[in-house]
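**Student:** got a predicted structure plus its sequence, pasted below:
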2 protein chains.
Amino acid sequence: MHKNKLPTIKEIAKKLNISTSTVSRALHDHKSIGAVTTMRVHQAAKELGYEVNKSALFFKQQKTYTIGVIIPNLAEPFFSSALCGVEDFAEPFNYTVIIGQSLDTLDREKRILENMKDHRVDGILVSLSKDTNTYDHFESLKKYNIPVVFFDRVPDKKDIHFVAGNLHSGMLQAITKLVNMGHKKIGLINGPAKLAATLQRLELYLKCLRSNDLEVNYDLIVSTTLSKTDNVTAMQKLMALEQPPTAVIVFNDYVLLDCIATVKAANLVVNKDISFISFANLPIWEYMDTMPLGSIEQFAYQQASKATEFLFQLIEGGNQPQPAEVKFLQCIIDSEMVSYS
Amino acid sequence: MHKNKLPTIKEIAKKLNISTSTVSRALHDHKSIGAVTTMRVHQAAKELGYEVNKSALFFKQQKTYTIGVIIPNLAEPFFSSALCGVEDFAEPFNYTVIIGQSLDTLDREKRILENMKDHRVDGILVSLSKDTNTYDHFESLKKYNIPVVFFDRVPDKKDIHFVAGNLHSGMLQAITKLVNMGHKKIGLINGPAKLAATLQRLELYLKCLRSNDLEVNYDLIVSTTLSKTDNVTAMQKLMALEQPPTAVIVFNDYVLLDCIATVKAANLVVNKDISFISFANLPIWEYMDTMPLGSIEQFAYQQASKATEFLFQLIEGGNQPQPAEVKFLQCIIDSEMVSYS
DNA sequence: CTGTTAGCGCGTTCAT
DNA sequence: ATGAACGCGCTAACAG
């Protein structure tokens, strides 16, 4: 029934018959306050169970010590790992992290962004939804002086801050490794054509084959809608070729799991009859008995961590006079093929 | 260089030569304001790009429309899935979710809690760290009228709000299924003795064997420190028995992966020579070629979702006069053995 | 060293 | 139908 109102500096001031500003200063151990007073204030604060009201501070300082993170889906290991990277980086700075899942729709992405803007977060980290093909909603944030750093799924623009992965390095390592092992027929099981990731993988695959002076054989390139049956079909199609590949680059780990099963079902041996390298999105291979030669790791945690570092630079820098030439913070994090040998 | 200060109701009042209170009311479509004025205000607000300053609102209303979630580790699928459950439930209510990872230490859990208290979150959801053996830090929240709902890893107390999983139902289904399939020698690969989860699994295992009128054979109970080599050793120990089990309940999916590999290495066939049922923490089996008979699913998403529902009840209820008898919101979510047949 | 005053943005009486 | 004044909790500029 009774209100249980939280004690404020006013309470402390009243109790000690001093002014609120003295209390405020004493609590911050301001040097201009006498040692005794400071002590008495701290004492009284403890007795009353005083806790600073950050809500009031945020309001006054026009700063919330909060950063927003917008990601497509928390359930994907890649993004929960990224979120970890943000949290771990922000926590020591006493920043709070608020989250929003776009669920890969532009609509939700916009709504979350609006909400975070209203919240007056100090900055925002974004990994774009698959739907996002327009960036006006981010433009508007500039007016509010809320810095935005993109990571992983970044807009195709130059005037932004971002941390992105670079698949080329990993793909090159992968194909080079395969070539060095003697593979000449290297296939590709790619994803649905409508995904940007698919086109990207195709281009890199072609490029890296050429870097290794290998002829491209388009029969060795198949695709899947990512459904289980389709994954199996794609693998079977490759195995049924007159000249089947001895190694295959696979769109991602989920697809690879089905591929491995398909190979086994055909009484072939993984890493002997056929080898795999995939794009890592599952942290499971170390626990498995059959594993691919390697995975191309994109370092979600590190990308997010670096993006947070950028964001903090922008937040801190916001108070200082900006240099005439605005520099965009940009970073490419090379992917790496990690071997499971 | 220029401040780019965000427009406030004051700006738009000035622009329209009316008072801020009129603006405030107009923005809320208060009926006492004339239609024309209301329209002009909305118009001006749009032109100036006015956005309500939630920071100010929070401060004034003493309410932040924010809930805190404290979980051990975001990287664990169980908890990221739980976080999903919270987010999905809270989002439609326009509540914001802030997160903190205790990383399974009591110390961090306390710090995060303090921080959230300072933030004046409207409520907190907690899944305890493994370290947590004292609950004073939660007690103190009561003074601040911040409701707490525990989920999954809950304190061993009666006077709390919580949503917990119940492993008994799943374990019973599992063992009953095995018995019905004709299994008489059912083993248990348990975790480290120091974990509460280990003791719990052991007790339930014994209980459910008895429910099925099966003798307990303590040779069939082994444990692992959860390291890979130890997992393998545990499995080998079972296989080396004169009377090896034909089915095994396994501590969790990670351990199971190693068990499966061990069985295969011994040229035995999973689901034929030996069957497994494990406690689900990895969403991978549907992608695998060799899967256990089933997993005991603990419904992280649903637990968290229900816990959030409870929290909202408590937050809303906080305004209404409390009933003399405080009721504790408590819910047990039965685990289920999901079959992969 | 300490007190007084003002103000951050907003909603809300209480007056007109 | 509208405005003036106040206060939420806190800090800081300006007096003493």
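**Tutor:** Here it is on my side, so go on.
**Student:** and the stretch 101-250 of chain A, which residues reach chain B?
**Tutor:** Contact residues (C-beta under 8 Å from any C-beta of the partner chain) of the stretch 101-250 of chain A with chain B: A:101, A:115, A:117-120, A:140, A:143-145, A:228. For glycine as for every other residue, the C-beta is placed from the backbone atoms N, C-alpha and C.
**Student:** let me know the closest of those residues to DNA strand D.
**Tutor:** residue A:120 (14.3 Å; C-beta to the nearest atom of the strand).
**Student:** bridged to residue A:70, which residues?
**Tutor:** Applying DSSP bridges to residue A:70 gives these bridge partners: residue A:100, residue A:126.
**Student:** surely it meets residue A:121?
**Tutor:** No - applying C-beta atoms under 8 Å, one finds residue A:70 not in contact with residue A:121, separated by 10.6 Å.
**Student:** from the stretch 51-200 of chain A, which residue is nearest to DNA strand C?
**Tutor:** For the stretch 51-200 of chain A, C-beta to the nearest atom of the strand, closest residue to DNA strand C: residue A:60, 3.7 Å.
**Student:** next, count neighbours for that residue.
**Tutor:** 11 (other C-beta atoms under 10 Å in any protein chain shown).
**Student:** strands along the stretch 51-200 of chain A, start to end?
**Tutor:** Per DSSP state E, counting those that start in this stretch, the stretch 51-200 of chain A carries strands over the ranges A:66-71, A:96-101, A:123-126, A:148-151, A:161-166, A:186-190.
**Student:** looking at those, which has the lowest confidence?
**Tutor:** For the strands of the stretch 51-200 of chain A, mean pLDDT drops lowest on strand A:96-101, to a mean of 92.
**Student:** which residues touch that strand?
**Tutor:** A:64-74, A:83, A:86-87, A:90, A:108, A:112, A:115-116, A:119, A:121, B:66, B:83-84, B:87-88, B:91, B:96-99, B:115, B:119 (C-beta atoms under 8 Å, 6 or more residues apart in numbering or on different chains).
**Student:** near DNA strand C too, which of those?
**Tutor:** When the contacts of strand A:96-101 are checked against DNA strand C using C-beta under 7 Å from any atom of the strand, none falls in range.
**Student:** can you redo the strands of the stretch 51-200 of chain A as TSV with mean neighbour count?
**Tutor:** Shown next, in TSV, are these (neighbours: other C-beta atoms under 10 Å in any protein chain shown):
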stretch	mean neighbour count
strand A:66-71	26
strand A:96-101	24
strand A:123-126	27
strand A:148-151	26
strand A:161-166	21
strand A:186-190	25
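**Student:** would a markdown table of those strands with distance to residue A:307 be doable?
**Tutor:** Putting these into a markdown table (distance: least, C-beta to C-beta, whole Å) gives the following:
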| stretch | distance to residue A:307 |
| --- | --- |
| strand A:66-71 | 9 |
| strand A:96-101 | 12 |
| strand A:123-126 | 5 |
| strand A:148-151 | 4 |
| strand A:161-166 | 4 |
| strand A:186-190 | 28 |
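**Student:** interface residues of chain A facing DNA strand D?
**Tutor:** So chain A meets DNA strand D at A:5-6, A:8-10, A:20-21, A:24-25, A:27-28, A:50, A:52-53, A:56-57, A:59-60 (C-beta under 7 Å from any atom of the strand).
**Student:** now stretch A:190-198: buried residues?
**Tutor:** For stretch A:190-198, burial by neighbour count (16 or more other C-beta atoms under 10 Å in any protein chain shown) applies to A:190-191, A:197-198.
**Student:** residue B:36: which of those residues is nearest?
**Tutor:** Proximity of the buried residues of stretch A:190-198 to residue B:36 (C-beta to C-beta) peaks at residue A:197, which lies at 53.0 Å.
**Student:** hmm, residue A:204 and that closest one touching each other?
**Tutor:** No - under the criterion of C-beta under 8 Å, residue A:197 makes no contact with residue A:204, lying 10.5 Å away.
**Student:** count of residues packed around the closest residue to residue A:82 other than its chain neighbours?
**Tutor:** Nearest in space to residue A:82, with sequence neighbours left out and distances taken as C-beta to C-beta, 6 or more residues apart in numbering or on different chains, is residue A:304 at 3.7 Å. The number of residues packed near residue A:304 is 29, by other C-beta under 10 Å.
**Student:** then the one 10 residues further on?
**Tutor:** Other residues lying near residue A:314 total 18 when counted by other C-beta under 10 Å.
**Student:** what's the closest non-adjacent residue to it?
**Tutor:** residue A:147 (3.7 Å).
**Student:** and residue A:255, what does it touch?
**Tutor:** With C-beta under 8 Å, 6+ apart, residue A:255 has these contacts: A:189, A:191, A:224, A:226, A:231, A:234, A:278.
**Student:** where does it land on pLDDT?
**Tutor:** For residue A:255, pLDDT reads 94.
**Student:** what helix or strand is it located in?
**Tutor:** Residue A:255 belongs to helix A:253-265 when assigned by DSSP states H and E.
**Student:** go on, residue A:333?
**Tutor:** Counting by DSSP H and E, residue A:333 is part of strand A:330-334.
**Student:** what does residue A:36 give?
**Tutor:** Judged by DSSP H and E, residue A:36 forms part of helix A:35-48.
**Student:** let me see the mean pLDDT of that helix.
**Tutor:** On average, helix A:35-48 scores 89.
**Student:** which positions in the stretch 1-150 of chain A make contact with DNA strand C?
**Tutor:** Residues of the stretch 1-150 of chain A lying near DNA strand C (C-beta under 7 Å from any atom of the strand): A:17-22, A:25, A:32-34, A:36-38, A:59-60, A:62.
**Student:** so where's the stretch 101-250 of chain A shaky on pLDDT?
**Tutor:** For the stretch 101-250 of chain A, no stretch is flagged by pLDDT under 70.
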